[in-house]
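S.K.: show me how the following folds:
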Amino acid sequence: MEEKCQEALRQICDRRYMEGLDDDYEEVIGYGICFYKKRCMVKGMRQKV
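M.R.: Predicted coordinates for the structure are as follows:
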């Protein structure tokens with residue numbers, strides 16, 4: 001699950017989902033979320049814009 005959360009965070013960076021928000025926000029938080037059966041893991045990253 002850890003690996004899948006990191007993969008989701010890499011996808012956020014690679015696809016530049018956090019860019020373009022610098023006009024509206026000082027800091028943006030991206031979340032990578034992984035579900036497996038009844039378990040869930042959430043990882044976050046912060047980016048100053």
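S.K.: which parts of the chain are helices?
M.R.: Under the criterion DSSP state H, the chain carries helices at the ranges 2-14.
S.K.: mind listing the strands for it?
M.R.: 27-36, 39-48 (DSSP state E).
S.K.: most packed of those strands?
M.R.: Across the strands of the chain, averaging neighbours per residue (mean count of other CB atoms under 10 Å) puts strand 27-36 on top, at a mean of 14. Heads up, the C-betas are built off the backbone N, CA and C, glycines and all.
S.K.: touching that one from outside, list them.
M.R.: If you take CB atoms under 8 Å, 6 or more residues apart in numbering as the criterion, strand 27-36 is touched by 1, 4-9, 11-13, 17-18, 21, 40-49.
S.K.: in the protein, where is pLDDT below threshold?
M.R.: 49 (pLDDT under 70).
S.K.: 90 instead?
M.R.: Across the chain, the ranges flagged by pLDDT under 90 are 17-27, 47-49.
S.K.: residue 27 and residue 35, how far apart?
M.R.: Residue 27 is 26 Å from residue 35, where distance means CB to CB, to the nearest Å.
S.K.: oh sorry, the question was meant for residue 19
M.R.: Residue 19 sits 27 Å away from residue 35, going by CB to CB.
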